[in-house]
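Novice: Sequence unavailable; structure follows:
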Ligand code: 13P
């Protein structure tokens with residue numbers, strides 16, 4: 001079995017990043033609403049098959065794919081397991097293991113992620129199916145009431161319990177504390193996001209250490225430091241890059257091999273531009289790459305539109321975004 005560190009290093013191999021294709025049934029329904037397509041087992045399968053059979057993108061620009069429980073066990077229309085299609089392209093299959101968020105008791109506007117019950121058994125099953133890594137998302141909202149210290153610490157604690165269980169099963173935990181940019185009201189400025197992101201990362205690494213998690217065998221999947229989606233003042237690309245890198249340097253130990261960002265509602269091009277600008281910083285102690293859902297998929301989804309005749313064009317759109325983000329992970333993308 002490959003060591004946790006070897007898997008983590010491979011996931012952040014130069015010029016590659018992760019495709020997040022782990023939308024829950026509810027989330028994929030929201031994405032399909034963009035193209036007016038009903039969500040069925042077949043439509044989800046056909047859409048994901050279109051992505052996973054984009055051979056150029058998957059081979060050259062994607063190191064691993066975060067799958068849902070459904071997709072990890074699913075086959076393409078011709079009966080080939082998705083896991084085998086990914087293996088053929090040299091991609092590591094990963095699995096989203098959290099069970100979504102619930103309102104935090106006694107707290108306004110805050111959520112806690114569920115899914116620890118039975119997780120040890122589930123991880124054993126996923127490891128036998130070949131999953132090399134897993135993902136768990138904790139959500140931190142910025143509102144007039146949130147976040148509270150309790151909200152941040154509870155989510156950090158649950159992330160650490162998840163991460164320790166993953167490592168016990170030989171699976172690399174991708175630890176995702178997302179400070180929301182696109183929540184409600186979403187009008188906070190970038191300085192507020194910087195403060196909350198710093199506090200969140202501090203709590204997460206404190207809990208990871210307490211839980212005995214091997215930092216060299218995990219990846220961090222954070223938000224970038226951004227203004228809220230509805231904030232009037234829009235920071236420049238340089239400001240986002242500078243504040244994000246400064247926050248990470250202050251709170252993320254160098255033992256962590258890589259940081260793979262979520263896109264969090266940024267436009268495709270913003271997500272690429274921000275990543276590229278960050279990778280132009282000197283002496284970064286970790287790899288900085290992408291673990292995007294929407295910013296890798298939206299162009300392909302809209303081009304596909306649910307029509308089999310559009311598969312090749314949709315794959316080109318996906319490959320283009322993957323190539324642009326690959327360049328950004330090397331600091332080589334230019335507008
Ligand atoms: P986005 O890049 O669309 O934010 O999704 C990434 C992800 O995996 C969220 O959990």
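Specialist: Great, that's in hand. A quick note: this is a predicted structure, and the numbers were derived from the prediction, not measured.

Novice: Any residues of this structure in contact with the ligand? List them.
Specialist: Contact residues (Cβ under 6 Å from any ligand atom) of the chain with the ligand: 20, 137, 176, 262, 263, 264, 292, 293, 294, 295. C-betas here are computed from N, CA, C, even on glycine.

Novice: will you turn these into JSON lines that also has secondary structure, pLDDT and distance to residue 223?
Specialist: JSON lines is the format used below for the residues of the chain next to the ligand (DSSP: H, G, I helix; E, B strand; the rest coil; pLDDT from 0 to 100; distance: Cβ to Cβ, whole Å):
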{"residue": "20", "secondary structure": "strand", "pLDDT": "98", "distance to residue 223": "13"}
{"residue": "137", "secondary structure": "strand", "pLDDT": "98", "distance to residue 223": "11"}
{"residue": "176", "secondary structure": "strand", "pLDDT": "99", "distance to residue 223": "9"}
{"residue": "262", "secondary structure": "coil", "pLDDT": "98", "distance to residue 223": "6"}
{"residue": "263", "secondary structure": "coil", "pLDDT": "98", "distance to residue 223": "9"}
{"residue": "264", "secondary structure": "coil", "pLDDT": "97", "distance to residue 223": "5"}
{"residue": "292", "secondary structure": "strand", "pLDDT": "98", "distance to residue 223": "12"}
{"residue": "293", "secondary structure": "coil", "pLDDT": "98", "distance to residue 223": "13"}
{"residue": "294", "secondary structure": "helix", "pLDDT": "98", "distance to residue 223": "13"}
{"residue": "295", "secondary structure": "helix", "pLDDT": "98", "distance to residue 223": "13"}
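
Novice: Please convert those to a markdown table, extending it with neighbour count.
Specialist: Output for the residues of the chain next to the ligand, formatted as a markdown table (neighbours: other Cβ atoms under 10 Å):
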| residue | neighbour count |
| --- | --- |
| 20 | 28 |
| 137 | 20 |
| 176 | 27 |
| 262 | 24 |
| 263 | 26 |
| 264 | 21 |
| 292 | 26 |
| 293 | 20 |
| 294 | 20 |
| 295 | 26 |
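
Novice: hmm, which two among the residues you listed are most spread apart?
Specialist: 137 and 295 (16.0 Å; Cβ to Cβ).

Novice: Now do the contacts for residue 313.
Specialist: Taking Cβ atoms under 8 Å, 6 or more residues apart in numbering, we find residue 313 in contact with 303, 304.

Novice: can you do 6 Å?
Specialist: Contacts for residue 313 were tallied using Cβ atoms under 6 Å, 6 or more residues apart in numbering; they are residue 303.

Novice: Quick check: which element contains it?
Specialist: helix 311-329 (DSSP states H and E).

Novice: From residue 128, how far out is the residue of the stretch 201-335 of the chain found nearest the ligand?
Specialist: With Cβ to the nearest ligand atom, the shortest gap between the stretch 201-335 of the chain and the ligand falls at residue 293, namely 2.8 Å. Plainly put, residue 293 is 26 Å away from residue 128 if you go by Cβ to Cβ, to the nearest Å.

Novice: one step back: tell me the phi and psi of the residue of the stretch 201-335 of the chain closest to the ligand?
Specialist: phi -100, psi -80 (degrees, to the nearest 10).

Novice: Residue 47 versus residue 300, what's the distance?
Specialist: Applying Cβ to Cβ to residue 300 and residue 47 gives a distance of 9 Å.

Novice: residues in contact with the closest residue to the ligand within the stretch 51-200 of the chain?
Specialist: Nearest to the ligand, among the residues of the stretch 51-200 of the chain, is residue 137, at 4.4 Å (Cβ to the nearest ligand atom). Shown in contact with residue 137 (Cβ under 6 Å, 6+ apart): 98, 176, 178.

Novice: Now do the buried residues in the helix holding residue 313.
Specialist: For helix 311-329, burial by neighbour count (16 or more other Cβ atoms under 10 Å) applies to 311, 314-315, 317-319, 321-329.

Novice: And the strands in this protein?
Specialist: 17-20, 62-67, 92-96, 101-103, 111-113, 133-140, 172-179, 219-220, 258-261, 287-292 (DSSP state E).

Novice: next one: the second one to chain centre, how far?
Specialist: Spelled out, it's strand 62-67. In terms of Cα atoms, centre = their mean, to the nearest Å, the centre of strand 62-67 is found 10 Å from the chain centre.

Novice: what mean pLDDT does it have?
Specialist: What strand 62-67 shows for mean pLDDT is 98.

Novice: Neighbouring strands - and their directions - for that strand?
Specialist: Here strand 62-67 is paired, per DSSP bridges, with strand 17-20 (parallel), strand 92-96 (parallel).
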